[in-house]
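Enquirer: fold the following, please.
(2 chains)
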Protein chains: 2
Amino acid sequence: MTTEFELIEKLSTSFSSPEGLSIGIGDDAAVLDPGRFDLVTVDTLVEGVHFRRDLSDPVDVGWKSLAANLSDIAAMGGGPGVFFLSLALPTPVDVAWLEGLWTGMNEVAEALVPDSFDVSVGGGDMTTTGGPIVISVTLLGEASPAGPVLRRNAVPGDRIVVMDELGRAAAGLDVLCADDIDAEQYPGVVDAYRRPRPQIRAGGLLGLYGVPSAMIDISDGLLQDLGHLLEASKVGAQIDAFQLPIDSELTALEEAGLGEVEDWLLGGGEDYCLLMTVPPARMPKLWDMANQYDWSVHDVGEIRAPEEGLQVIGLDGELLDEEITGYTHFEDS
Amino acid sequence: MTTEFELIEKLSTSFSSPEGLSIGIGDDAAVLDPGRFDLVTVDTLVEGVHFRRDLSDPVDVGWKSLAANLSDIAAMGGGPGVFFLSLALPTPVDVAWLEGLWTGMNEVAEALVPDSFDVSVGGGDMTTTGGPIVISVTLLGEASPAGPVLRRNAVPGDRIVVMDELGRAAAGLDVLCADDIDAEQYPGVVDAYRRPRPQIRAGGLLGLYGVPSAMIDISDGLLQDLGHLLEASKVGAQIDAFQLPIDSELTALEEAGLGEVEDWLLGGGEDYCLLMTVPPARMPKLWDMANQYDWSVHDVGEIRAPEEGLQVIGLDGELLDEEITGYTHFEDS
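Expert: Residues are numbered from 1 along each chain as shown, chains lettered A, B, ... in the order given. Take a look at the predicted model:
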């Protein structure tokens, strides 16, 4: 039998001592260094909804659970700091699975967070549940000295820029769920699903240099997340989907009959790519940075007046007349 | 059908605009006013473990979910601020239940938080689940200018003081679960279970005046939570259980055969009473404050040298030789 307190002790020793805290795990609340953190984001992963234990090992799940939060801080143009972990765990608690989860959280921080920031655990809560595993992470971060990059400041004329390749995580999930596809032939998209790589360093640098007018991370799909940005900024947009880069595995999977490249690109979530709007005058700075840091950035459209709504030109160059779609998580009675 | 985004919009309009934030719900992360908050606590409630929908209505559950966090901040001697809410909800989402939950969160803040602090929602995440409801709240707070009150600074000779009456919430749960007890005859303990009343104002004032050397809230039971404080402070203690106040409903319930008063007092959790250690020289200040603010405080023991361990004198005046017990939430294989 492992008590809650022994598990919290294990949690504490599974991570390095966090910076930015004077009191971490082991009191009624954590005590932050004054003035250090000014960004807060919360993301929750539920077994059976956001991950399946037969498709992802615990290290993958840990990676993804922290990656989703790191991506939010990157999308504010800030840098990540201390996180707080809430876990609801079925009994008997699978301690090995739990330790894998923490390994994955350490691995994603090690792999993606630049040395100038320190991501570690500052506290949390663990409880049992009669249902699926629920992992909720609250991550604190620091906005850049130039201030946070919000969703609300895009204006007509701004270019719409996407970083990295979209649709890979959604295609990877489709591969893993398909009976007649050999997942080993599509390692890129499967890895994109299991271990998404949000651009933490790029987000922080873009915020530091004040390049984007607005930014969001693509967690629910390009069109849906762009929709949030447009709504917040009260503007319209045209997207030229044919300007999006296409992973060769997506093309191969479309040929294999698994789905449509265009659907993955426009509607697939969980890639955690950055979507930003950039005033034309700052585009040269963006290209300079992309060259310097070897970023994959793609100018895929333009912010328009609000009355123009969202116009999407498809991969075939024709205007799509579909409604904006993406993942919608809820249905009620 | 209600989308996740419509639910978040409902969440946003169900609470007042939070103080201490420049950007709340509606961006990738919330943006805090610089330097405002330095305390962070996380508490998670799982349906079937921490609440049952047949024993508590949604307003009760909302009350309790925020009360647990408010209690943690009070136990640091601080004041509460903005909170972040993570919800995993079965489909179809019961929107009326959800609105009840938010009502309860508003009600507990209204009832227990002094006007000098402002508790409201700053963000969160909502998702579906195939299992029970999971509610995770991350609450930020402000330590007093005198600094946070930790668990680790009790020293031998300090008095051990409990505020309010213990064991009521546990007895209330036993009443609700018993087939042969009329819950309406025990409204005090049932209410204590459904709507615990942590001493938010008292915690803040005790922190402000630097009265306790150490403090913790009693969420898992007196002996277990005292055990955490003793461990953190590396000291022993003697508790005189016969000095604890006893709610008359507990006595009546023992007479009715439902359980033992001593067990409820020493082991019952979820009362969220404050347990503090106070240097003898500061006891007069504590009594003054208790008189001024009409607090129910009880001197129930003394901090001792570590080698003395924890000695408990029972209600009959005899030394108990039991091991320290309380709620232990975990079992593993």
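
Enquirer: nearest to chain B: which residue in chain A?
Expert: Going by Cβ to the nearest Cβ, chain B is nearest to A:G131 of chain A, at 1.8 Å. To be clear about C-beta, it is placed using only N, CA and C from the backbone, and glycine gets the same treatment.

Enquirer: and that residue, which of the three is it?
Expert: coil (DSSP: H, G, I helix; E, B strand; the rest coil).

Enquirer: show me what contacts the nearest residue to it once chain neighbours are set aside?
Expert: Distances taken as Cβ to Cβ, 6 or more residues apart in numbering or on different chains place B:G131 nearest to A:G131, at 1.8 Å, with adjacent residues excluded. By Cβ atoms under 8 Å, 6 or more residues apart in numbering or on different chains, the residues touching B:G131 are A:46, A:48, A:129-132, A:134, B:88, B:90.

Enquirer: find the residue at the geometric middle of chain A.
Expert: By Cα atoms, centre = their mean, chain A has its centre lying nearest to A:Y272, at 3.2 Å.

Enquirer: would you mind measuring from that one to A:A169?
Expert: For A:Y272, the distance to A:A169 equals 8 Å [Cβ to Cβ, to the nearest Å].

Enquirer: list the contacts of A:E165.
Expert: The contact partners of A:E165, by Cβ under 8 Å, 6+ apart, come to A:244-247, A:271, A:273, A:296.

Enquirer: check A:P148 too.
Expert: So A:P148 contacts A:38-39, A:76-78, A:207, B:23, B:27, B:29, B:31 (Cβ under 8 Å, 6+ apart).

Enquirer: the residues you listed: which two are farthest apart?
Expert: Put simply, by Cβ to Cβ the two of the contacts of A:P148 set farthest apart are A:G207 and B:I23, 13.9 Å from each other.

Enquirer: between those two, which has more neighbouring residues?
Expert: A:G207 (26 against 22; other Cβ atoms under 10 Å in any protein chain shown).

Enquirer: the more buried one reaches A:G78, doesn't it?
Expert: Yes. If you go by Cβ atoms under 8 Å, A:G207 and A:G78 touch, sitting 5.9 Å apart.

Enquirer: need the residues touching each of those two.
Expert: What both A:G207 and A:G78 touch, as defined by Cβ under 8 Å, 6+ apart, is the set A:143-144, A:148.

Enquirer: rewinding a little: between the contacts of A:E165, which sits nearest B:G317?
Expert: B:G317 lies nearest to A:D271 out of the contacts of A:E165, by Cβ to Cβ, at 67.5 Å.

Enquirer: tell me how chain A divides into domains.
Expert: Segmentation of chain A into domains, based on automatic domain parsing, reads A:4-142, A:159-320.

Enquirer: could you identify which of those domains is most buried?
Expert: For the domains of chain A, the largest average neighbour count (mean count of other Cβ atoms under 10 Å in any protein chain shown) is found in domain A:4-142, namely a mean of 22.

Enquirer: wait, A:M276 touches A:P212, no?
Expert: Yes. With contacts counted by Cβ under 8 Å, A:M276 reaches A:P212, the gap being 3.7 Å.

Enquirer: what residues are shared contacts of the two?
Expert: Common neighbours of A:M276 and A:P212 (Cβ under 8 Å, 6+ apart) are A:149, A:161, A:206.

Enquirer: filter these down to the ones in helices?
Expert: A:L206 (DSSP state H).

Enquirer: now flag whichever of the shared contacts of A:M276 and A:P212 is closest to B:G188.
Expert: Scanning those for proximity to B:G188, where the rule is Cβ to Cβ, the winner is A:V149, at 52.4 Å.

Enquirer: how many other residues sit next to that closest one?
Expert: 28.

Enquirer: in a strand, A:T127, correct?
Expert: Yes. The assignment for A:T127 is a strand, going by three-state DSSP.

Enquirer: pLDDT score assigned to it?
Expert: Each residue has a pLDDT score; the one for A:T127 is 95.

Enquirer: what residues are up against it?
Expert: A:4, A:87-89, B:44-46, B:49-50, B:329.

Enquirer: got those as TSV, with distance to A:A202, pLDDT and secondary structure columns?
Expert: Shown next, in TSV, are the contacts of A:T127 (distance: Cβ to Cβ, whole Å; pLDDT from 0 to 100; DSSP: H, G, I helix; E, B strand; the rest coil):
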residue	distance to A:A202	pLDDT	secondary structure
A:E4	39	78	helix
A:L87	30	97	strand
A:A88	33	97	strand
A:L89	34	97	strand
B:T44	33	97	strand
B:L45	38	97	strand
B:V46	37	98	strand
B:V49	41	95	coil
B:H50	41	95	coil
B:H329	41	40	coil
